[in-house]
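J.: the sequence and its predicted three-dimensional model are supplied below.
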Amino acid sequence: MARRWTNDLSRGDATPKQCYLNRRQLIAAGSSGLALSAWPAAAQTDALEPNSFEEITTYNNFYEFGTGKTDPKENAGQLTTSPWAVEINGMVDKPGTYAFDDIMAQMDIEERIYRLRCVEAWSMVIPWQGFELADLLALAGPNPEARFVEFQTLMRPEEMPGQEYPILDWPYIEGLRMDEAMHPLTIMATGLYDEPIPNQNGAPMRLVVPWKYGFKSIKSIVRITLTDDQPSTTWNKAGPSEYGFYANVNPTVDHPRWSQATERRVGGGLFSKRIDTLMFNGYDEVAPLYEGMDLEAQF
Amino acid sequence: MTTAQRVNVALRKVPSWVVYLIGAVIPFYYLYLALTGAMGVEPVNSLERALGELAMQALVVVLAVTPLRKLTGVSLIMHRRALGLLAFFYVACHLLVWGVLDVQDPARMWSDIVKRPYITIGMVGFVLLLPVAATSNNFSVRRMGPMRWRRLHMLTYVICVSGAVHYVMVQKVWEIEPLIYLALVLALLAYRIPTLRREFAA
Ligand code: HEM
């Protein structure tokens, strides 16, 4: 059951490719006509034209290919993404290796235009294509006792030069609570601007959790494990006081080294004004997941 | 003539104003790159970082002048003032980009300076640079006397360490480049220890 959520951001449905490559030619978002879904439109509906293909694919954090923002674009070309398979195991009825092509054949691909807020206080608006994570997990049949989902990125130092350096504890691991994973906003993205997702953005399949800082949205996934233990995640291990397990976008909880109250939208040039960061990155519909939790302690 | 002497003759032929001019043009060239898209799609951060790195490099060169002369005979001493003032100029540009283009808000600038240790340390470097830069002229040397002037300019050592520590702390992970700069700064300072010991013992 896909299409549980409707975009509150838009791009011209029939935007020809030569137009969408130039962000400024895009039709500015107007959400009023689209806000009829079960999920209320997010608060921020102005200034929401998606970033250009160039911006989204030349400014990336993907440390497996280097720590510079343009390193992924420069080094990810050699990554072999076909054939690809993801192992789904742990607390599921049908553990096993699921071929990427078989998964794609069974999924309903839809577009989600999401804001992306990096923990480094920059942001973008990205038109992803993909499917809900819940639909993928359904293929394997999650057991009721599963409480968390753990994800792992490909480990292949021959093609991922950054993995030669122990700057992070490779392979990259991320995790979600089960209810976060099942939320209709949580998707597996397989496309960007109607093209297969470029390598530097996490080909062939990456998580997108738009109300969390970008590092939660793990790329190039090869393993998904359902478990009853909270996964030990890569950035959390690297800096427990700086990167929490939840990592919900929260303007009131600063990173110890910088403020999270504002962000700079990539693409505005040298004089772009900072904009206010929104709680849950503007996706207020996820607030009930955290009712009763102290979001300052569980950051 | 030895190679070192030949190099020194050549270096002495370079007029000071050429060093100042070339050095001063670099930040404007960076600004041009940032404005024309050559620094990528997020030029604010790229420019801020490029200027920080430039400042760090200039400080290391300044610190290397004395050891270089003692070890190889090559002397940059006649250009040291220009290099030092350029380093100050680069730090000032870096600070300006941070305040005006990056943070954009005086209240937040202040709260970052007091709350974020890596900014505090960078700011210590900048503040200590002020008296050093202000006295980088012949008049000040004469007025202060060489002894007091030299003592004041030893602040350069503290400035270089705070710059390098700031650089290490900025990174999200332990990257190799800032650690190399920190190691360079510490090595160049360690080289001076015997001389300083003698001087302060006397
Ligand atoms: C001795 C003085 C200073 C030196 C040598 C210096 C040098 C540097 C260097 C080398 C970097 C990193 C560049 C890179 O990663 O490629 C950097 C980053 C940075 N510096 Fe400084 N800096 C100094 C003072 C300051 C001051 C006074 C401020 C602000 C008050 C400041 C704010 C910053 C910021 C915000 C960044 C990080 C940019 C980012 O988020 O990527 N620095 N600095």
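T.: Arrived safely, thanks for sending.

J.: gap between the closest residue to residue B:79 other than its chain neighbours and the ligand?
T.: Once flanking residues are discounted, residue B:79 sits nearest to residue B:19: 5.2 Å by C-beta to C-beta, 6 or more residues apart in numbering or on different chains. Quick note: C-beta positions are derived from backbone N, CA and C, even for glycine. Separation of residue B:19 from the ligand (C-beta to the nearest ligand atom, to the nearest Å): 19 Å.

J.: next, count neighbours for residue B:19.
T.: 19 (other C-beta atoms under 10 Å in any protein chain shown).

J.: residues contacting it?
T.: B:79, B:82-83, B:86 (C-beta atoms under 8 Å, 6 or more residues apart in numbering or on different chains).

J.: residues touching the residue of the stretch 151-299 of chain A found nearest the ligand, list them.
T.: Nearest residue of the stretch 151-299 of chain A to the ligand, counting by C-beta to the nearest ligand atom: residue A:258, 7.1 Å away. By C-beta under 8 Å, 6+ apart, the contact set of residue A:258 is A:120-121, B:112, B:116.

J.: next: residue B:1.
T.: Contacts of residue B:1 by C-beta under 8 Å, 6+ apart are residue B:9.

J.: which of the helices and strands in the chain ranks last by mean pLDDT?
T.: Picking chain A for this. helix A:17-20 (a mean of 44; mean pLDDT, DSSP states H and E).

J.: I was thinking of chain B, sorry if that wasn't clear
T.: helix B:193-201 (a mean of 87).

J.: could I get the full set of helices for chain B?
T.: B:3-13, B:16-35, B:43-72, B:77-96, B:106-115, B:117-134, B:138-144, B:146-153, B:155-170, B:176-190, B:193-201 (DSSP state H).

J.: burial of residue A:154, as a residue count?
T.: Neighbours of residue A:154 using other C-beta under 10 Å come to 22.

J.: nope, residue B:192 is what I was after
T.: By the measure other C-beta under 10 Å, the count of residues near residue B:192 is 16.

J.: where in the stretch 101-250 of chain A is pLDDT low?
T.: Applying pLDDT under 70 to the stretch 101-250 of chain A picks out no residues at all.

J.: in it, what residue comes closest to the ligand?
T.: As assessed by C-beta to the nearest ligand atom, the ligand sits closest to residue A:120 within the stretch 101-250 of chain A, at 7.0 Å.

J.: secondary structure class for that residue?
T.: Following DSSP: H, G, I helix; E, B strand; the rest coil, residue A:120 is assigned to coil.

J.: got TSV for the contacts of residue A:258, with neighbour count too?
T.: Shown next, in TSV, are those (neighbours: other C-beta atoms under 10 Å in any protein chain shown):
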residue	neighbour count
A:120	20
A:121	20
B:112	22
B:116	19
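
J.: closest to residue A:272 among the residues you listed?
T.: residue A:121 (12.6 Å; C-beta to C-beta).

J.: doesn't residue A:265 make contact with that closest one?
T.: No - the criterion here is C-beta atoms under 8 Å, and residue A:121 misses it with residue A:265 at 10.7 Å.

J.: hang on, the earlier thing: tilt between the least confident helix or strand of chain B and helix B:176-190?
T.: Per axes from the mean of the first three to the mean of the last three C-alpha atoms, to 10 degrees, the angle that helix B:193-201 makes with helix B:176-190 is 40 degrees.

J.: bridged to the residue of the stretch 151-299 of chain A closest to the ligand, which residues?
T.: Going by DSSP bridges, residue A:258 is paired in beta bridges with residue A:255.

J.: what pLDDT is listed against it?
T.: The model reports residue A:258 with a pLDDT of 88.

J.: closest to the centroid, which residue in the chain?
T.: By default, I'm working from chain A. residue A:208 (2.3 Å; C-alpha atoms, centre = their mean).

J.: sorry, I should have been clearer: chain B.
T.: Nearest to the geometric centre of chain B sits residue B:59, at 2.8 Å (C-alpha atoms, centre = their mean).

J.: now the helices for chain A?
T.: A:17-20, A:53-58, A:71-75, A:100-106, A:133-140, A:178-182, A:234-238.

J.: among the ones you listed, which is nearest residue A:169?
T.: helix A:234-238 (5.7 Å).

J.: how about that closest one: buried residues?
T.: A:234-236 (16 or more other C-beta atoms under 10 Å in any protein chain shown).

J.: same list (these) but as a markdown table, adding distance to the ligand.
T.: Below are the buried residues of helix A:234-238 laid out as a markdown table (distance: C-beta to the nearest ligand atom, whole Å):
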| residue | distance to the ligand |
| --- | --- |
| A:234 | 20 |
| A:235 | 17 |
| A:236 | 21 |
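
J.: which bits of the stretch 51-200 of chain A sit near chain B?
T.: The stretch 51-200 of chain A comes close to chain B at residues A:54-55, A:58-59, A:63, A:67, A:69-70, A:120, A:122, A:165, A:167-168, as judged by C-beta under 8 Å from any C-beta of the partner chain.

J.: hmm, 10 Å instead?
T.: A:51-52, A:54-59, A:61, A:63, A:67-70, A:73, A:119-122, A:124, A:165-168 (C-beta under 10 Å from any C-beta of the partner chain).

J.: among those, the buried ones, what's the ChimeraX command?
T.: Buried residues among these (16+ other C-beta under 10 Å), as a ChimeraX selection:
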select /A:51,52,54,55,56,57,58,59,61,63,67,68,69,70,73,119,120,121,122,124,165,167,168
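
J.: circling back to that earlier point, quick check: neighbours shared by residue A:121 and residue A:265?
T.: Shared contacts of residue A:121 and residue A:265 (C-beta atoms under 10 Å, 6 or more residues apart in numbering or on different chains): residue A:274.

J.: could you list the contact residues of chain B toward the ligand?
T.: Within chain B, the positions near the ligand by C-beta under 6 Å from any ligand atom are B:45, B:48-49, B:52-53, B:55-56, B:59, B:91, B:94-95, B:98, B:113, B:119, B:122-123, B:125-126, B:159, B:162-163, B:166-167, B:170.

J.: so how do I select the buried members of these in PyMOL?
T.: For the buried members of the residues of chain B next to the ligand, the matching PyMOL selection, counting by 16+ other C-beta under 10 Å, is:
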select buried, chain B and resi 45+48+49+52+53+55+56+59+91+94+95+98+119+122+123+125+126+159+162+163+166+167+170
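
J.: how many neighbours does the residue lying closest to residue A:192 once chain neighbours are set aside have?
T.: Closest residue in space to residue A:192, ignoring its immediate chain neighbours: residue A:201 at 5.9 Å, by C-beta to C-beta, 6+ apart. Using other C-beta under 10 Å, residue A:201 has 22 neighbouring residues.

J.: right, and residue A:201 touches residue A:55 too?
T.: No - in this structure, residue A:201 is not within contact of residue A:55 by C-beta atoms under 10 Å, at 11.5 Å.

J.: ok, residue B:198 to chain A distance?
T.: Residue B:198 is 41 Å from chain A, where distance means C-beta to the nearest C-beta, to the nearest Å.

J.: count the residues that sit near that residue.
T.: Neighbours of residue B:198 under the rule other C-beta under 10 Å: 9.

J.: and residue A:190, by the same measure?
T.: Counted with other C-beta under 10 Å, residue A:190 comes out at 21.

J.: with that, I have no additional questions.
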